[in-house]
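1. Just need the structure, nothing else, for what follows:
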Amino acid sequence: MKTYSISEVAKELNLTAYTLRYYDKEGLMPFVERTASRTRLFKESDIEALKVIECLKSTGMPIKEIKHFIDWCSDGDSTLQQRYEMFIERKATVESQLEELNKTMELIKHKCWYYKTALEAGTEDIHKNEKIEIPTTN
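-> Down below sits the predicted model:
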């Protein structure tokens with residue numbers, strides 16, 4: 001079975017070795033084996049687990065809650081319901097974030113259109129005294 005060093009895993013996941021050490025210190029990597037000299041040896045399955053950790057982190061989930069998830073994984077099938085509910089909750093969080101980002105994108109698209117048309121006219125005055133419709137395309 002192929003194993004990877006902390007620097008190889010850090011590069012693969014676009015993280016720092018420091019971040020991986022922090023995750024280990026916080027108990028997010030109980031699955032990672034070590035050599036007699038305490039060097040971490042990562043397997044493919046460890047990298048996949050770290051991808052899930054990064055996914056959860058990107059949703060804004062605190063490290064402490066991610067640790068609960070890791071503990072549930074270690075507990076096995078008896079925690080399937082908790083893990084399922086946690087991902088349902090994360091899904092709702094991400095859907096809400098997407099909704100907010102879509103609103104932000106609409107405003108940005110409008111401002112791109114606004115300034116493009118003002119540049120073409122040589123003045124912002126073209127937008128004064130007119131009702132501005134937000135275009136639906138780029």
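
2. mean confidence for the host helix or strand of residue 48?
-> If you go by DSSP states H and E, residue 48 is part of helix 44-58. In this model, helix 44-58 has an average pLDDT of 96.

3. what do you get for stretch 73-81?
-> Stretch 73-81 comes out at a mean pLDDT of 96.

4. Can you give the contact residues for it?
-> Stretch 73-81 is contacted by residues 30, 31, 49, 72, 83 when judged by CB atoms under 8 Å, 6 or more residues apart in numbering. For glycine as for every other residue, the C-beta is placed from the backbone atoms N, C-alpha and C.

5. and which of these is nearest to residue 10?
-> The closest of those to residue 10 turns out to be residue 49 (CB to CB; 14.8 Å).

6. so residue 44 makes contact with residue 2?
-> Yes. With contact defined as CB atoms under 8 Å, residue 44 reaches residue 2; the gap is 7.2 Å.

7. out of these two, which sits in the busier spot?
-> More crowded of residue 44 and residue 2, by other CB atoms under 10 Å: residue 44, with 11 against 6.

8. centre of the chain versus the lowest-mean-pLDDT helix or strand in the chain, how much separation?
-> Sorting the helices and strands of the chain by mean pLDDT, DSSP states H and E puts strand 33-34 at the bottom, at a mean of 92. Remark: strand 33-34 is offset 26 Å from the chain centroid, using CA atoms, centre = their mean, to the nearest Å.

9. Could you identify the helix or strand that succeeds that strand?
-> Next in line after strand 33-34, if elements are assigned by DSSP H and E, sits strand 40-41.

10. Good, we can wrap up now.
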